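1. this one's structure only:
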């Protein structure tokens with residue numbers, strides 16, 4: 001087997017593996033009764049609100065929203 005024919009592992013593959021490892025450690029700690037990520041109800045509510053706002057902002061940015069009269073008449 002030629003060493004040059006072996007491709008390098010991509011950064012995305014390494015990142016996904018590290019995230020999987022963190023998720024497994026988090027699950028293991030949660031199963032043993034430890035709280036690796038202390039979260040209260042207020043924190044969850046704020047996170048959901050922020051995620052919703054971020055998602056809608058990205059959607060509004062991604063879509064072609066014609067606001068000016070010139071832009072609206074261009075598509076027709």
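-> That came through, no problem. Please read these numbers as outputs of a predicted model, since none were measured by experiment. Residues are numbered from 1 along each chain as shown.

2. which SSE is residue 71 in?
-> helix 69-75 (DSSP states H and E).

3. Tell me how the chain divides into domains.
-> The chain is divided into the following domains under automatic domain parsing: 1-38, 39-76.

4. Let me have those in CSV, extended by mean pLDDT and mean neighbour count.
-> No exception for glycine: its C-beta is placed from N, CA and C like everyone else's. Compiled in CSV, the domains of the chain are given as follows (pLDDT from 0 to 100; neighbours: other Cβ atoms under 10 Å):
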stretch, mean pLDDT, mean neighbour count
domain 1-38, 79, 9
domain 39-76, 78, 9
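
5. For the residue nearest in space to the middle of the chain, grab phi and psi.
-> In the chain, the centroid-proximal residue (Cα atoms, centre = their mean) is residue 51; its distance is 9.8 Å. Residue 51 adopts backbone torsions of phi -60, psi -40, taken as degrees, to the nearest 10.

6. From residue 57, how far out is it?
-> 11 Å (Cβ to Cβ, to the nearest Å).

7. One more: residue 74?
-> Counting by Cβ to Cβ, the gap from residue 74 to residue 57 is 24 Å.

8. what do you get for residue 7?
-> For residue 7, the distance to residue 57 - Cβ to Cβ - is 38 Å.

9. what's the answer for residue 20, then?
-> Residue 20 is 29 Å from residue 57, by Cβ to Cβ.

10. what do you get for residue 13?
-> 30 Å.

11. Could you grab the helix/strand/coil label for residue 35?
-> coil (DSSP: H, G, I helix; E, B strand; the rest coil).

12. check contacts around it.
-> Residue 35 makes contacts with residue 29, as judged by Cβ atoms under 8 Å, 6 or more residues apart in numbering.

13. Over to it: give its phi and psi.
-> Dihedral angles (degrees, to the nearest 10) for residue 35: phi -110, psi 90.

14. Ramachandran angles for residue 32?
-> phi -90, psi 0.

15. Work out for me the element residue 26 sits within.
-> Going by DSSP H and E, residue 26 is part of helix 11-31.
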